[in-house]
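Asks: with the input below, show me the fold.
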Amino acid sequence: MSLLRSPGRRVVLRTAGLLTAVSLVAGGPAAGRVVSARPPAGLQRAADRLVTDGVPGVIIMTRRGRHVSDVVAGLADKAAGQPMRPQDRVHIGSITKTFVAAVVLQLAAEGRLSLNDSVRRWLPGVITGHGYHPARITVRELLQQTSGLRDYLSNPEFQDPRVLARTWRPRQLVDIAVRLGPPVHGWLYANTNYILLGMIIQKVTGHSPVTEIRRRILVPLRLHGTSFPLTSTKIPAPYAHGYYGPVDATRLVNPSVAWTAGAMISTVGDVARFYRALLTGRLLPPAQLRELLATIPVHDTGELFAEHYGLGIYRVRLPCGTAWGHDGGWPGGFKTFAYTSPDGARQAVMVYNDFKMSISRRDGGTGTAAFQRDVRKATEIAFCGRG
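Replies: Down below sits the predicted model:
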């Protein structure tokens, strides 16, 4: 799923026609010395296949116990002919949501908020009218995507690249979502939920959610390749360029349009370290970890595997077992998938740098069913050691 997931699922930044106008290894039970290993058989071929399909470049990180390897294919910068590198930074889109959920659950563990608190308690007056009852919308429902709020990115104005380049305030994004119509019943993936969670983190702590994520997660886990820009379109070096079809879209999207729904930048290694720490209990006490992983089945077409959604994280079934994680799409040119086994012993993190390939041809993109099968195959080899 993503910001900033792909179309067909939700608009994060995934609207048909989007941008076309601009033609440590974490500790825990499984911790130990990392051993550089040979990639699973067939993984390099699978990565090369994705480049043949049309993406400029691919990075895939894989873990089996203490054995970690990286596979790269294609280009990070088409104009310069720069190859992809495992350490290249990229926008990770909706993977940001899991970081935000972890901070909210830490605050719950500290007794500073409750998952049953209402939005009205922390953000009085922020949601008004249009059939919404903020006294009945809980923090848990925001985390789980069951609040009924619509996704601000489904407003057609976000199809205009000039709008994506604008600096936005969180309250503006919420106001747009509320005006889209009355609440929706059941599960609906909406970036609006995570904008509100960012506002709640700020209200509870008195600090920016960027500060809290850095203090609580990035510094303790030594995620030196991870950052959270507010308005800057620059990516710290070394980085991969992001593309939307033939367009270098790396600096076309202002991260304020995503904020706590999907603005973070990271590397495949840092993303893997974060999820391993989270699932092996380094970031949350047992009670809050159980809350994080309490899922509901969702109908979320368009991504790789059927999902059960928890609190900012989802569960999928791969050929060799259960995996937890999230995906993240960024209209400035990236798509990332991250999967970790419950014990942290197996991991696969993959990124490719053409967001338009995440969108089906039917919806105005260049992605095909065959390409999605190839992405799924590469993911299964990376996580399971076989397709």
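Asks: lowest confidence element among the helices and strands of this protein?
Replies: strand 35-36 (a mean of 72; mean pLDDT, DSSP states H and E).
Asks: which residues touch the next helix-or-strand element following it?
Replies: Once the chain leaves strand 35-36, the next helix or strand it forms, by DSSP states H and E, is helix 43-53. By CB atoms under 8 Å, 6 or more residues apart in numbering, the surrounding residues in contact with helix 43-53 are 57-58, 60, 62, 71-74, 352, 357, 368, 370-371, 374-375, 377-378, 381-382, 387. For glycine as for every other residue, the C-beta is placed from the backbone atoms N, C-alpha and C.
Asks: state the distance from residue 232 to residue 167.
Replies: Distance, residue 232 to residue 167, using CB to CB, to the nearest Å: 10 Å.
Asks: got the contact list for residue 368?
Replies: Residues near residue 368 by CB under 8 Å, 6+ apart: 53, 360-361.
Asks: buried members of these into ChimeraX, please.
Replies: Buried residues among the contacts of residue 368 (16 or more other CB atoms under 10 Å), as a ChimeraX selection:
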select :53,360
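Asks: which one of the contacts of residue 368 is nearest residue 347?
Replies: For the contacts of residue 368, the residue nearest residue 347 by CB to CB is residue 53; the value is 23.6 Å.
Asks: quick one: mean pLDDT over stretch 203-222.
Replies: Mean per-residue pLDDT for stretch 203-222: 98.
Asks: from here on, count from 11
Replies: OK, 11 is where the count begins now, so the last one is stretch 213-232.
Asks: how long is that stretch end to end?
Replies: In stretch 213-232, first residue to last residue: 26 Å (CA to CA, to the nearest Å).
Asks: same thing with stretch 345-354?
Replies: 22 Å.
Asks: distance check, the residue lying closest to residue 71 once chain neighbours are set aside against residue 250.
Replies: Distances taken as CB to CB, 6 or more residues apart in numbering place residue 278 nearest to residue 71, at 4.0 Å, with adjacent residues excluded. Here residue 278 is placed at a distance of 11 Å from residue 250 (CB to CB).
Asks: repeat for residue 161
Replies: Counting by CB to CB, the gap from residue 161 to residue 250 is 27 Å.
Asks: repeat that for residue 354.
Replies: Taking CB to CB as the measure, residue 354 and residue 250 are separated by 26 Å.
Asks: which one's more surrounded, the two?
Replies: residue 250 (30 against 27; other CB atoms under 10 Å).
Asks: what sits against that one?
Replies: Residue 250 touches 67, 69, 86-87, 94, 98-100, 344, 361, 363, counting by CB under 8 Å, 6+ apart.
Asks: restricted to strands, list the residues you listed.
Replies: If you go by DSSP state E, those have 67, 69, 86-87, 100, 344, 361 in strands.
Asks: low-scoring stretches of the stretch 61-210 of the chain, by residue?
Replies: Scanning the stretch 61-210 of the chain for pLDDT under 70 picks out no residues.
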